[in-house]
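Undergrad: structure for the following, please:
(chains A, B and C)
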Amino acid sequence: MNTTLPKDLLSASLAAVRIQRPLVQNITNYVVMNNSANALLAIGASPVMAHWVREMDEMTAIAGALVINLGTLDDGWIEGMLAAGKAARHRGIPIVLDPVGAGATSQRTQAAMKIIDACHPTIIRGNASEIMALVDARIKSKGVDSTASSDDALEAAKRLACTTSSVVVISGATDYITDGTQVHIVTGGSEMMTAVTGMGCTSTAIIGAFSAVVCDPMEAATAAMAVMSWAGERAAAYSKGNGSMQVNFLDELYNLTPDQL
Amino acid sequence: MNTTLPKDLLSASLAAVRIQRPLVQNITNYVVMNNSANALLAIGASPVMAHWVREMDEMTAIAGALVINLGTLDDGWIEGMLAAGKAARHRGIPIVLDPVGAGATSQRTQAAMKIIDACHPTIIRGNASEIMALVDARIKSKGVDSTASSDDALEAAKRLACTTSSVVVISGATDYITDGTQVHIVTGGSEMMTAVTGMGCTSTAIIGAFSAVVCDPMEAATAAMAVMSWAGERAAAYSKGNGSMQVNFLDELYNLTPDQL
Amino acid sequence: MNTTLPKDLLSASLAAVRIQRPLVQNITNYVVMNNSANALLAIGASPVMAHWVREMDEMTAIAGALVINLGTLDDGWIEGMLAAGKAARHRGIPIVLDPVGAGATSQRTQAAMKIIDACHPTIIRGNASEIMALVDARIKSKGVDSTASSDDALEAAKRLACTTSSVVVISGATDYITDGTQVHIVTGGSEMMTAVTGMGCTSTAIIGAFSAVVCDPMEAATAAMAVMSWAGERAAAYSKGNGSMQVNFLDELYNLTPDQL
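TA: As a prediction, this is how the structure comes out:
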């Protein structure tokens, strides 16, 4: 793993997560809930998965960060997302948005834009196709997998960052993290990560944990992507397939210490 | 693993999945979503899990196959299933139905029949009890596990295939695949597969992947069941319990090459 | 693992689960569904996960026990929980309640109390914070993780047992099982269990399996917690992180024999 973020900031960020154990509230999809929760526990955070509209205000009030993930969207969940997002915004709690499948259907792209407009996420993380679809609705993606490389999407990411005032993360073979002017880069990881469902969603959850304890969202997002890349690279070295990769990835996150980075 | 399907058709089917990487849309249950998605990725397909009524038309339009699984049913999901099923039927996209728990409650049996009538699935896969319950509503099953052997259900499967014009798959110690006249057989696998939750649902998802790239549904369904049996048999040989079996099964699918079959 | 329950009762309880293979109906949360189902299969039970209001009466009629878990609550699910709980109560089927996140939000605490009042659960299992919040609504918990030790909650557990006539289980470093007067204790397990999401929910599901075949709820709950502790201790000894721990825990449950206890 290589990153443009200074190594001492990286170590300090991970140490902060492990010491502060932030509560990260997730409104995320059914496919990844178990893995996202385990990844948050592995990194030292305390996950809660809750989407019930009635409790969004109280639940958000005790959270250090809010993660909104559009994976398995429907009307009821959008309502919960908007309620939680508005509560988090009102309280100044960082919000991380994962526009899963933006570009796959127009309903999904519109739902993502609606949440962006109403909640002003601190950080938006997607694959290249998703980020491009949020900038240009004519871009189509193939389901939830990207059909473009992260390099192709950097200009779109910068534009999205400028218009939304969010930090935008494109994950891919190279990860780009930008606030519209500055760009951080993370390389490394492993191709095998794309064969594990919800690896992108997991990185969004991990960004949530870092954003709860690191003030600068550029730093928080970059540290999170670096940790993902590091654990992915290590796990892939001894995984036999996507089954063991999913398991080994969690073990690597669990054992990662700040000075190893 | 042994099957009545010629080995060259088997290899060619798997090669087609790996090369074409079909998008398989799944409206499936909460229990198995993660594993079904990982199994589809392992075999080389691109999974999407989506059930939102509003996006079913657009999502189905980009899919190569639609999988409908009744596992954790409720009214909202039935609505999504019907919307997706009708869109798929209209576009000529293959539909694979898994009537999980048919026979456990009358509501479930009726929901399965309603979807069959409205969407005309290309392939129906269930365990013996489920298939028998779709033919004779007096047959009761014990929750989602079968209380009959697949041999007992072959006549019911043939009858169901004739009345619905679907290919019907009964999975069990021996798998039967029938269009009402012709019968393909797959043997092998492992008893340990029954200790992993949702192994049947995973085979339905894998049938979805093959049906997206293989025209003949008898061939697609048989190739999918053969691949399941092959990977299950291999994984069971070195798995210590149902935890490692679930992981090793994915690894075996991931590493399977067309010429190994 | 150590427990105050006589070893022969422990062995006999596990043998009863393995022989009778009870159907355990679960209305549980999205995060743990896969693992809870696999844990129930590993221990020898037959899990069904269903929440659809319309089928709750019929599904409960064939179940040996009902597990209600508030993890990812919303209005629709509460409706299903109440329908299933009332049907189970009417039929005299044991009900096990897991008040996940009671104390995190007032809505959750109130939902738990409503279900207790309407369904009279046989057994209530929670962590220290959750049990204390059910007795004193001023107690707050940090999301779904406990902020108190199980020792702190024993008096609250006894009071809750008295007012509800339920057996109350507090899980933690030491597990307490009480009917308000008698107290059973289970020690052992591993700190690593707290790094695996939904380990508490899994223990609730396992209590469900034992309560279906063991008449005395004190005995059923204690045997279940002992089995959890035993498998957790064994799995932790060779797990490298929370990823492999989740897998190895299932393998240990799967291989556990009555005479090993």
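
Undergrad: just checking, residue A:99 touches residue A:132?
TA: No. Using Cβ atoms under 8 Å as the test, residue A:99 is too far from residue A:132 to be in contact (11.0 Å). For every residue, glycine as well, the C-beta is placed using N, CA and C.

Undergrad: residue boundaries of the strands in chain A?
TA: A:2-3, A:23-27, A:46-49, A:65-69, A:95-98, A:123-127, A:167-171, A:174-178, A:183-187 (DSSP state E).

Undergrad: tell me which other helices or strands the fourth one touches.
TA: Contacts defined by 3 or more Cβ pairs under 8 Å, 6 or more residues apart in numbering or on different chains; DSSP states H and E place strand A:65-69 against strand A:23-27, helix A:75-91, strand A:95-98, helix A:199-213.

Undergrad: I'd like those laid out as a markdown table, including distance to chain C and mean neighbour count.
TA: Shown next, in a markdown table, are those (distance: least, Cβ to the nearest Cβ, whole Å; neighbours: other Cβ atoms under 10 Å in any protein chain shown):
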| stretch | distance to chain C | mean neighbour count |
| --- | --- | --- |
| strand A:23-27 | 5 | 27 |
| helix A:75-91 | 7 | 19 |
| strand A:95-98 | 16 | 31 |
| helix A:199-213 | 12 | 29 |
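
Undergrad: re earlier: can I get the strands of chain A in a markdown table with mean pLDDT?
TA: A markdown table is the format used below for the strands of chain A (pLDDT from 0 to 100):
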| stretch | mean pLDDT |
| --- | --- |
| strand A:2-3 | 96 |
| strand A:23-27 | 98 |
| strand A:46-49 | 97 |
| strand A:65-69 | 98 |
| strand A:95-98 | 98 |
| strand A:123-127 | 97 |
| strand A:167-171 | 98 |
| strand A:174-178 | 97 |
| strand A:183-187 | 98 |
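
Undergrad: count the residues that sit near the closest residue to residue A:252 other than its chain neighbours.
TA: Spatially, and ignoring its direct neighbours in sequence, residue A:252 is nearest to residue A:231 (3.9 Å; Cβ to Cβ, 6 or more residues apart in numbering or on different chains). Neighbour count of residue A:231, defined by other Cβ atoms under 10 Å in any protein chain shown: 28.

Undergrad: my read: residue A:231 touches residue A:247, true?
TA: No. Counting by Cβ under 8 Å, residue A:231 stays clear of residue A:247, with 11.9 Å between them.

Undergrad: which residues touch the closest residue to residue A:13 other than its chain neighbours?
TA: Leaving aside its chain neighbours, residue A:13 sits nearest to residue A:223 (3.8 Å; criterion: Cβ to Cβ, 6+ apart). By Cβ atoms under 8 Å, 6 or more residues apart in numbering or on different chains, the residues touching residue A:223 are A:5, A:9-10, A:13-14, A:210, A:214.

Undergrad: give me the pLDDT for residue A:235.
TA: Note on residue A:235: pLDDT of 98.

Undergrad: then residue A:143?
TA: The model's pLDDT for residue A:143 equals 75.

Undergrad: show the buried residues in the contacts of residue A:223.
TA: Among these, those classed as buried by 16 or more other Cβ atoms under 10 Å in any protein chain shown are A:5, A:9-10, A:13-14, A:210, A:214.

Undergrad: near chain B, which residues of the stretch 1-150 of chain A?
TA: A:29-32, A:34-35, A:71-76, A:101, A:104-108, A:140, A:142-145 (Cβ under 8 Å from any Cβ of the partner chain).

Undergrad: in helices, which of those residues appear?
TA: Among these, the members falling in helices are A:34-35, A:75-76, A:106-108 (criterion: DSSP state H).

Undergrad: in CSV: those residues, plus pLDDT.
TA: Formatted as CSV, these follow (pLDDT from 0 to 100):
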residue, pLDDT
A:34, 98
A:35, 97
A:75, 96
A:76, 94
A:106, 95
A:107, 96
A:108, 96
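
Undergrad: what subset of those residues is buried?
TA: By 16+ other Cβ under 10 Å, these give A:34-35, A:76, A:107-108 as buried.

Undergrad: quick one on the thing from earlier: the buried ones among the contacts of residue A:223 in helices, which ones?
TA: Filtering the buried ones among the contacts of residue A:223 for helices - DSSP H - leaves A:9-10, A:13-14, A:210.

Undergrad: TSV please, covering those residues and showing distance to residue A:203.
TA: Output for those, formatted as TSV (distance: Cβ to Cβ, whole Å):
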residue	distance to residue A:203
A:9	18
A:10	15
A:13	14
A:14	15
A:210	10
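
Undergrad: on that earlier part again, quick one: the residue nearest to residue A:13 from chain C, how far?
TA: The gap separating residue A:223 from chain C is 20 Å, by Cβ to the nearest Cβ, to the nearest Å.

Undergrad: how near is that residue to residue B:64?
TA: Remark: distance between residue A:223 and residue B:64 (Cβ to Cβ, to the nearest Å) = 38 Å.

Undergrad: wait, residue A:34 sits on residue C:37?
TA: No. Using Cβ under 8 Å, residue A:34 is not in contact with residue C:37; the gap is 11.7 Å.

Undergrad: pretty sure residue A:196 contacts residue A:250?
TA: No. With contact defined as Cβ under 8 Å, residue A:196 does not reach residue A:250; the gap is 10.6 Å.

Undergrad: overlap in contacts, these two.
TA: With contacts defined as Cβ under 8 Å, 6+ apart, no residue is shared by residue A:196 and residue A:250.

Undergrad: my guess is residue A:168 contacts residue A:122, does it?
TA: No. Using Cβ under 8 Å, residue A:168 is not in contact with residue A:122, being 10.8 Å away.

Undergrad: so the two - more neighbours on which side?
TA: Set side by side, residue A:168 and residue A:122 show more neighbours around residue A:168, with 29 against 24, by other Cβ under 10 Å.

Undergrad: hang on, the earlier thing: next one: the residue nearest to residue A:252 from residue C:238, what distance?
TA: 21 Å.

Undergrad: for residue A:192, same thing?
TA: 24 Å.

Undergrad: again, but for residue A:191
TA: 29 Å.

Undergrad: residue A:49 too?
TA: Taking Cβ to Cβ, one finds residue A:49 at 29 Å from residue C:238.
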